[in-house]
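>>> Sequence plus predicted model, see below.
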Amino acid sequence: MTELFLVFLINGLLGVVLVVVNKITGPKRTNPIKETPYECGSPYLQDRIYPIPIKYYMVAFLFLVFDVEVVFFYPWALIFKKIGSPALIFMFAYIAILGIGFVYAWKKGAFQWEK
């Protein structure tokens, strides 16, 4: 219990020290441009904000899905000789599911880069 209290005390003191050091050593001059509101990469109340196309998100999502799923090949390869043919059957089923997902994404046009 005392260790937990000590951790909170040290972190609280560190936070206070960092804020005080920032106030002492930070810049003192203000700039009107720096004081204007700014949000999400565009000036405040801009006429048009152009959204990022969904294709960027789709490609990132597909990369993550297939990249994470390929990570499961490593432990399978390490224990393949111990398990034997059931491991091979399960891996073929796993690859088939990955292939179906890949073909589905391909048919939906997730890999097309036209606008």
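Received, thanks.

>>> Of all the residues in the helix or strand harbouring residue 100, which ones are buried?
Residue 100 belongs to helix 85-107 when assigned by DSSP states H and E. For helix 85-107, the neighbour count (16 or more other Cβ atoms under 10 Å) marks 91, 105 as buried. All C-beta atoms are positioned from the backbone trio N, CA, C, and that covers glycine.

>>> Where do the strands of this structure begin and end?
Taking DSSP state E, the strands of the chain run over residues 38-39, 42-43.

>>> just the helices in this structure please.
2-25, 54-70, 73-83, 85-107 (DSSP state H).

>>> Averaged pLDDT, stretch 101-109. What do you get?
What stretch 101-109 shows for mean pLDDT is 86.

>>> Kindly report the same for stretch 9-26.
94.

>>> Can you give me the neighbour number for the nearest residue to residue 94 once chain neighbours are set aside?
Distances taken as Cβ to Cβ, 6 or more residues apart in numbering place residue 72 nearest to residue 94, at 7.2 Å, with adjacent residues excluded. Neighbour count of residue 72, defined by other Cβ atoms under 10 Å: 12.

>>> Same question for the one 10 residues further on.
Around residue 82 sit 7 other residues, with neighbours defined as other Cβ under 10 Å.

>>> Please report how far it lies from residue 73.
Noted for residue 82: a distance of 16 Å to residue 73, by Cβ to Cβ, to the nearest Å.

>>> returning to that earlier point: for the strands of the chain, which has the smallest mean pLDDT value?
If you rank these by mean pLDDT, strand 42-43 sits at the bottom with a mean of 59.
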